[in-house]
Each structure stands twice: as structure tokens, then as C-alpha cells.
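In: Give me a 3D structure for the following:
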Amino acid sequence: MDTPEGLDRLPDGTVRRMFAAARRKDLDAMVAEFADDYVNITPNHPDRSFTGSAQVRSNWSALFAGVPDLTLEIRDAATSPDGKVWVEWASRGTRRDGVPVEQAGVAIFTVREGLLSAVRFYFEPVEHESGDVNTAIRDVAGADSRGPRP
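Out: Have a look, this model is predicted:
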């Protein structure tokens, strides 16, 4: 049976240990799962990409401090034939200033010598009022089925 947070969906090993530590807000245990030269590639926001476990520590330290009730949920996971671990996950909580935060997405982890060495990170804020699919297509295409919009 699935655990409420979905950790049992993850394969045994570093990815599961990292998420378990993050759920406990155990920063040291979490960062211990990352290689010093870890590479975080954020394709949808290239300027947010970074290298190094020190930045992982900085990011999660700020998240734990700024969103004290932060929760993580593993929605699904798979391991590819080349050993990459694909994780669909979500986070939610409330910032100290009372603003709710909710994010969801996918992370594709590369494991090297028992540590997280890289990720392709597709994780975004959830937008509950961003328009329907037709609005999204018009925004991308500049047109809908009736032609260009004014």
C-alpha cells in the first residue's frame, strides 16, 4: 500500500533517501545525497540552472525557513533503462507571510556512484486561474482555429 507521501513509489537508494530527508526537513541528510559537483538543469528557465551541492543547501534552507509547513508528495516514479529516476512530485505549504504556495512537476535524476549527480528539473508553481486550454493555445500560437487574434 502507498504511504501517504508516496515515498514507497521511489526505488530504494539515494533518491528515496533524499526525499525522505526533505520530508523530515533534515537538511544535512538531504544534502548528503548530492554529489559536490551536482548539476541542476532547468530547461524551462535556463538562468535558474546551477552546479554544486552548496546551492542545493542554500535553496532548501530558504525553503524550510520560509515555508515552515512545507510538505512533499511523490505522485509517481519510474526508473529508466539507463538508471535515471523520473519523479512526478508536488509541494505545498504557507509562507511565513501567509501566502500559500503550491508547486508540481517532474524531476529526472541521474545517480552516479550512489549520489545524485544531475537533474533535469521541470517544477513550476501551480496556477489555478491561468485560463483553459484554448487560452493556452492562443497564447502560444497567437491564433485559434478562427485565425490570428487581433
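In: residues in contact with Ser117?
Out: 35, 37-39, 110-111 (Cβ atoms under 8 Å, 6 or more residues apart in numbering). To be clear about C-beta, it is placed using only N, CA and C from the backbone, and glycine gets the same treatment.
In: could the residues you listed be laid out in CSV, adding distance to Gly6?
Out: Listed next are the contacts of Ser117 as CSV, based on distance: Cβ to Cβ, whole Å:
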residue, distance to Gly6
Ala35, 25
Asp37, 29
Tyr38, 23
Val39, 26
Thr110, 21
Val111, 19
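In: Mark which of these are buried, thanks.
Out: 35, 38, 110-111 (16 or more other Cβ atoms under 10 Å).
In: Which of those fall within strands?
Out: Here DSSP state E is the test, and the buried ones among the contacts of Ser117 give 35, 38, 110-111 as lying in strands.
In: Report the buried residues of stretch 25-35.
Out: Buried-residue list, stretch 25-35, by 16+ other Cβ under 10 Å: 27, 30-31, 33-35.
In: Likewise for stretch 91-99?
Out: In stretch 91-99, counting by 16+ other Cβ under 10 Å, buried: 91-93.
In: where does this structure have its least confident helix or strand?
Out: Least confident helix or strand of the chain, by mean pLDDT, DSSP states H and E, is strand 147-148 with a mean of 62.
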